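Peer 1: any chance you could fold what I've pasted below:
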Amino acid sequence: MTVIVVSGTGTEIGKTVTTAAVAAVALAAGHSVAVLKGTQTGVAPGEPGDAQEVARLAGDAVTTLELARFPEPLAPNTAARRAGLRPVRPSDVADAAAKLATDHDLVLVEGAGGLLVRLDDEGGTLADTARLLGAPVLVVATAGLGTLNATTLTTEALRARGITQLGVVVGSWPAAPDLASRCNLADLPDASGRSLLGAIPAGSGTLEGPDFRTRAGSWLGPELGGTWHGAAFTQREAPAAWRAGSAGTARAQ
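Peer 2: Take a look at the predicted model:
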């Protein structure tokens with residue numbers, strides 16, 4: 001696929017680190033990769049944003065492009081309005097991604113917040129960008145309580161718009177997952193209607209670039225170029241009580 005749109009089920013859930021991991025794996029396979037951040041909010045001029053963080057983690061070989069940044073940590077349309085600046089519209093992001101796709105094997109378009117966060121005052125969203133591009137969406141979800149509802153809502157929004165969903169990556173898998181996280185790991189495929197395509201360990205964004213690039217492939221499934229095995233990971237991490245309950249239900253049916 002030439003273009004993949006990366007959307008979260010919310011904010012601060014690991015979209016940037018997931019984007020960096022996908023980019024790192026593609027680069028390691030010899031592909032040329034570009035990462036596009038349409039709107040960066042909550043970052044002052046001169047400070048590194050999400051695109052720069054992807055480059056730090058995935059390596060300087062990745063091409064990065066940021067269309068606009070607004071200093072306040074708000075929804076893109078609100079941040080643009082308060083800064084007195086023109087918002088970035090879905091068509092702006094789609095046009096920039098299409099240009100990058102002419103000379104890159106893979107273009108990753110990282111959203112801001114969730115799928116339906118407003119980019120402009122006309123109600124344009126990242127979903128509109130994906131629709132204009134005809135690009136699939138990779139959904140990044142949290143591990144803990146509440147993720148099944150948020151993932152289901154994102155999935156239904158994509159389906160209602162006729163947009164292909166690639167699958168779900170858990171953006172920050174805890175080192176000591178609680179019961180909800182472990183059960184959610186097994187339930188997320190049902191909530192999304194798609195397979196789990198990876199789980200990024202919590203704290204991966206603090207790694208140095210070379211270490212991050214060495215490990216990235218082990219966090220992503222073969223669909224994203226990695227070696228992570230969803231069924232084996234779930235078998236290891238899901239609680240025995242959940243598995244026993246599922247087996248009992250299956251026998252009863």
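Peer 1: can you list the weak-confidence ranges in the stretch 101-250 of the chain?
Peer 2: By pLDDT under 70, the low-scoring segments of the stretch 101-250 of the chain are 240-250.
Peer 1: ranges for the strands of it?
Peer 2: Using DSSP state E, counting those that start in this stretch, the strands found in the stretch 101-250 of the chain span residues 106-114, 137-141, 165-173, 196-201.
Peer 1: output those strands as JSON lines; include the columns distance to residue 100.
Peer 2: Placement of C-beta: from N, CA and C, glycine included. Output for those, formatted as JSON lines (distance: least, Cβ to Cβ, whole Å):
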{"stretch": "strand 106-114", "distance to residue 100": "5"}
{"stretch": "strand 137-141", "distance to residue 100": "17"}
{"stretch": "strand 165-173", "distance to residue 100": "19"}
{"stretch": "strand 196-201", "distance to residue 100": "23"}
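Peer 1: let's have those strands in JSON lines, adding mean neighbour count and distance to residue 26.
Peer 2: Rendered in JSON lines, the data for the strands of the stretch 101-250 of the chain read as follows (neighbours: other Cβ atoms under 10 Å; distance: least, Cβ to Cβ, whole Å):
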{"stretch": "strand 106-114", "mean neighbour count": "26", "distance to residue 26": "5"}
{"stretch": "strand 137-141", "mean neighbour count": "28", "distance to residue 26": "13"}
{"stretch": "strand 165-173", "mean neighbour count": "24", "distance to residue 26": "14"}
{"stretch": "strand 196-201", "mean neighbour count": "24", "distance to residue 26": "13"}
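Peer 1: among those strands, which is nearest residue 186?
Peer 2: strand 196-201 (9.3 Å; Cβ to Cβ).
Peer 1: could you say what helices and strands that closest one packs with?
Peer 2: Packing partners of strand 196-201 (3 or more Cβ pairs under 8 Å, 6 or more residues apart in numbering; DSSP states H and E): helix 15-28, strand 165-173, helix 179-192, helix 230-237.
Peer 1: and residue 55, how many neighbours?
Peer 2: When neighbours are defined as other Cβ atoms under 10 Å, residue 55 has 19 of them.
Peer 1: sorry, wrong one. I was asking about residue 229.
Peer 2: Neighbours of residue 229 (other Cβ under 10 Å): 13.
Peer 1: isn't it right next to residue 221, touching?
Peer 2: Yes - in terms of Cβ atoms under 8 Å, residue 229 counts as a neighbour of residue 221; the distance is 7.2 Å.
Peer 1: ok, back up a step: out of the strands of the stretch 101-250 of the chain, which gets nearest to residue 57?
Peer 2: Judging the strands of the stretch 101-250 of the chain by Cβ to Cβ, what sits closest to residue 57 is strand 196-201, at 11.0 Å.
Peer 1: let's have the helices and strands packed on strand 196-201 in a markdown table, adding distance to residue 4.
Peer 2: Converted to a markdown table, these look like this (distance: least, Cβ to Cβ, whole Å):
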| stretch | distance to residue 4 |
| --- | --- |
| helix 15-28 | 7 |
| strand 165-173 | 7 |
| helix 179-192 | 16 |
| helix 230-237 | 18 |
